[in-house]
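>>> Please find the sequence and the predicted model below.
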Amino acid sequence: MFKLSAQAAHEQLQRQMLLERERFPHPSLVAQHEEYLRQQRDREMKVRALEEAARGLIDEWKLLQPEDKFSEIEGVDNVKNITN
């Protein structure tokens, strides 16, 4: 039977602990990562809502503008690109 010296046993334990840390990260790190992902998802949802609101406002604005004035406004090509 193979016996480990105290030094070898300590090194083996250290290796095992490192492997366990890699496999199972500390719960606080997992919680931080989950919070980061939640915040990122919230930001993406806010951006989508703002984009949809902007599209709605642009559509309303287009309805209120005569067609000849619509073509005279600077940057109208960008507005058309956003809504398409």
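Received, thanks.

>>> average pLDDT across stretch 53-66?
Averaged over stretch 53-66, pLDDT sits at 86.

>>> For it, what is the distance to the chain centroid?
How far stretch 53-66 lies from its chain's middle: 30 Å, per CA atoms, centre = their mean, to the nearest Å.

>>> Run through this protein and note the low-pLDDT ranges.
Counting by pLDDT under 70, the chain shows low-confidence ranges at 1-4, 24, 67-84.

>>> show me where it has helices.
Remark: helices assigned in the chain by DSSP state H are 6-23, 27-64, 67-72, 76-83.

>>> Present those helices as TSV; the columns should include mean neighbour count.
Heads up, the C-betas are built off the backbone N, CA and C, glycines and all. Below are these laid out as TSV (neighbours: other CB atoms under 10 Å):
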stretch	mean neighbour count
helix 6-23	10
helix 27-64	10
helix 67-72	10
helix 76-83	12
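
>>> how near is A8 to Q14?
Distance, A8 to Q14, by CB to CB, to the nearest Å: 11 Å.

>>> let me redo that: M45
Counting by CB to CB - M45 and Q14 are separated by 44 Å.
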